[in-house]
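>>> I'll drop the sequence and a predicted model, then ask my questions.
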Amino acid sequence: MIIAKDIKKMLRALEVESDHIKTGTAADRRYRRADVTWSATIRAERGHACLHEEEREVSGIIRDISANGARIDVDGLFFEKNNLLLQTTQLGAIRCDLVWRRGNKIGLQFSEDPRKIHKKLQELIPGFDTLNP
């Protein structure tokens, strides 16, 4: 029988595992990031990446964004990883995957063509350009 203490241990192990994912430096990034404060929701749809039987959704604030990903502060824990849907007023719906998690901060990598997202970001954020075109 699994008890609460065992569940907490497993969750901590998952979090530690995700924290050890190697992340690149700012110099390694292909696309420029812009600091923003945009409300967003992230949803794992039933039949895709859900750990649960129903759809799971969490709200948060996008803190920085690039043509291929975003860093978000989420309200609560979010463990789903693949085939997620990020929804914002500014960009609409974007398919993405979770690539790292540290507490309530998560990093998403967009599944869509970065050129398409880059074009939208240029319209929304004046001077938004890639570092390496």
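That came through, no problem.

>>> Extract the residue ranges of this protein that are flagged as low pLDDT.
Within the chain, the stretches with pLDDT under 70 are 1-29, 46-55, 130-133.

>>> Strands of that one, start to end?
Shown for the chain, the strands assigned by DSSP state E span residues 34-44, 56-66, 69-74, 84-88, 92-102, 105-110.

>>> Output those in CSV; the columns should cover mean neighbour count and distance to D129.
Where you see a C-beta, it was placed from the backbone N, CA and C, and this is true even at glycine. Listed next are those as CSV, based on neighbours: other Cβ atoms under 10 Å; distance: least, Cβ to Cβ, whole Å:
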stretch, mean neighbour count, distance to D129
strand 34-44, 17, 10
strand 56-66, 18, 11
strand 69-74, 21, 16
strand 84-88, 20, 21
strand 92-102, 16, 20
strand 105-110, 19, 17
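
>>> right, so of those strands, which gets closest to H118?
Closest to H118 of the strands of the chain is strand 56-66 (Cβ to Cβ; 8.4 Å).

>>> What pairs with that closest one, parallel or antiparallel?
Strand pairing for strand 56-66, using DSSP bridges, gives strand 34-44 (antiparallel), strand 69-74 (antiparallel).

>>> how about those strands, which one is nearest Q90?
strand 34-44 (5.6 Å).

>>> Just want the angle from the closest one to strand 105-110.
Orientation of strand 34-44 against strand 105-110 (axes from the mean of the first three to the mean of the last three Cα atoms, to 10 degrees) gives an angle of 80 degrees.
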